[in-house]
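> model this:
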Amino acid sequence: LARASAVEAAATQQWQVVYFSAELDAFEIGARLGRMFSRYPGTVDCADFLHVIHVGKGQTLDDLRSSIEEATDPVGDPILVVMDSINTIAELIGGPYLLTLSQLGMWAMFSRRMSLGAVSWMLISETNKQGGVKGGKLDYWADCIVRMQRPKEVMAATRTGTPISLILEKSRRTGGEGPLGI
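Next up is the predicted model:
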């Protein structure tokens, strides 16, 4: 969902997209993007608008901010920042995990709010044992929450090719919540 959203936004040539990858190496990201480009040829035109940044251990919030500044034009098209995943990025930054996670979430919320949406964020988060967003506060700050879930009847089946249900859990702007389909 994160990669597809990033590519689709960049392919409009109306969004500058910065994709922070914290879990996949450059080869795997390239292979997955290559498969998307070959399957959906119209997305190939996104190359100038999509910037993949690989997050390493010890990078700081300031390093991430600098990466966004270097990859984008602040007076150009709106910016979409995708963090895949915010939990791993918080771990890689180091320091107190929940504090770092909170700082990342607040940065996303305030920059979106202060820019009136000219800077938007898509934060991918793992869930906790209760099925909620890991770290707890991110769901309060989010404008929209979409949960991906495998239907229970296929949980035991192979994960390859398994359908995924999308559920809109929160939307500040539309007011509608519930299943979005498979």
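> for this structure, which spans come out with low pLDDT?
Counting by pLDDT under 70, the low-confidence segments of the chain come to 136, 152-161.
> list the contacts of the lengthiest helix in it.
The single longest helix within the chain, with elements called by DSSP state H, is helix 97-114. When contacts are defined by Cβ atoms under 8 Å, 6 or more residues apart in numbering, helix 97-114 is touched by residues 61, 81, 83, 86-87, 89-91, 93-94, 119-121, 123, 134-135, 137-138, 141-143. (C-beta placed from N, C-alpha, C; glycine too.)
> mind listing the helices for the protein?
Using DSSP H, the helices found in the chain span residues 2-11, 26-39, 61-71, 86-93, 97-114, 138-141.
> next, count neighbours for Phe27.
Other residues within reach of Phe27 by the criterion other Cβ atoms under 10 Å amount to 8.
> thinking again about what came up before, with just CA atoms, put the longest helix of the chain into PDB.
Taking Å, rounded to 0.1, in the frame of the first residue of the first chain, the C-alpha atoms of helix 97-114 are listed here in PDB:
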ATOM      1  CA  TYR A  97      11.600   4.500  21.300                       C
ATOM      2  CA  LEU A  98       8.200   5.900  22.400                       C
ATOM      3  CA  LEU A  99       9.700   9.400  22.600                       C
ATOM      4  CA  THR A 100      11.200   9.100  19.100                       C
ATOM      5  CA  LEU A 101       7.900   7.700  17.800                       C
ATOM      6  CA  SER A 102       6.100  10.600  19.300                       C
ATOM      7  CA  GLN A 103       8.500  13.100  17.800                       C
ATOM      8  CA  LEU A 104       8.000  11.600  14.300                       C
ATOM      9  CA  GLY A 105       4.200  11.600  14.700                       C
ATOM     10  CA  MET A 106       4.100  15.200  16.000                       C
ATOM     11  CA  TRP A 107       6.400  16.300  13.100                       C
ATOM     12  CA  ALA A 108       4.100  14.700  10.600                       C
ATOM     13  CA  MET A 109       1.000  16.300  12.200                       C
ATOM     14  CA  PHE A 110       2.400  19.800  12.700                       C
ATOM     15  CA  SER A 111       4.000  20.000   9.200                       C
ATOM     16  CA  ARG A 112       0.800  18.900   7.600                       C
ATOM     17  CA  ARG A 113      -1.300  21.300   9.700                       C
ATOM     18  CA  MET A 114       1.100  24.300   9.400                       C
END
